[in-house]
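Q: Fold the following, please.
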Amino acid sequence: MIKLLNTAADNFVARSIRNITGFEVSHNALQINNTVWESAHDTGVKCYTLEEWLEKYGTPHSVYELRGLDESIVESRFKSIDGKKYDWSPLICYPLHINYISKDRWNCSRSIAWACRELIPHKNYHRCLPGYLRGIGHACEFTFSQG
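A: The predicted structure follows:
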């Protein structure tokens, strides 16, 4: 099962993202079974166990189940960009309406939109912001059981 995990942290970067985009969430990650893939400003593209990710962010702000995707294909797409650096350019380009995309850097929502491209109708991955992704999934409850 694949789930979109959205967060709304209370730190400078998260508040800046929310202020610039106008969305209530500032970050998202992709849960595939008990692993979580994300691209974050402090780590770039990285895979965590679900438990490690929850330790870092706490309970998600909202969760959406992504249906109709092949888990192995989505995970292999993330593995192909594992270790890539974070892309800060959307924070500058979005409010200025500049159409720029980094070829070697990834932000959270762009990496998810690219990995789950079958669910993105407009195929405009570089213009995808954290709040846009909620429309590709089905709202669900977050559950976590250790061990």
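Q: Secondary structure of residue 3: a helix, I assume?
A: No - checked against DSSP: H, G, I helix; E, B strand; the rest coil, residue 3 lies outside a helix; its state is strand.
Q: Wait, it touches residue 64, no?
A: Yes - the pair residue 3 and residue 64 qualifies as a contact (C-beta atoms under 8 Å) at a distance of 6.6 Å. From N, CA and C alone the C-beta is placed, and that goes for glycine too.
Q: in whatever helix or strand residue 48 lives in, what's buried?
A: Residue 48 belongs to strand 44-49 when assigned by DSSP states H and E. Neighbour counts over strand 44-49 (16 or more other C-beta atoms under 10 Å) mark 44-48 as buried.
Q: Likewise for stretch 34-47?
A: Neighbour-count burial for stretch 34-47 flags 36-41, 44-47 (criterion: 16+ other C-beta under 10 Å).
Q: Return the distance of residue 24 relative to residue 8.
A: When distance is defined by C-beta to C-beta, to the nearest Å, residue 24 is 6 Å away from residue 8.
Q: Comparing these two, which shows the higher neighbour count?
A: Between residue 24 and residue 8, counting by other C-beta atoms under 10 Å, residue 8 is the more crowded of the two (18 against 13).
Q: Closest one to residue 77 out of the buried residues of stretch 34-47, please.
A: Ranked by distance to residue 77 (C-beta to C-beta), the buried residues of stretch 34-47 are led by residue 37 at 9.2 Å.
Q: how about the closest one, secondary structure?
A: Going by three-state DSSP, the secondary structure assigned to residue 37 is strand.
Q: wait, it sits on residue 80?
A: No - if you go by C-beta under 8 Å, residue 37 and residue 80 don't touch, sitting 11.3 Å apart.
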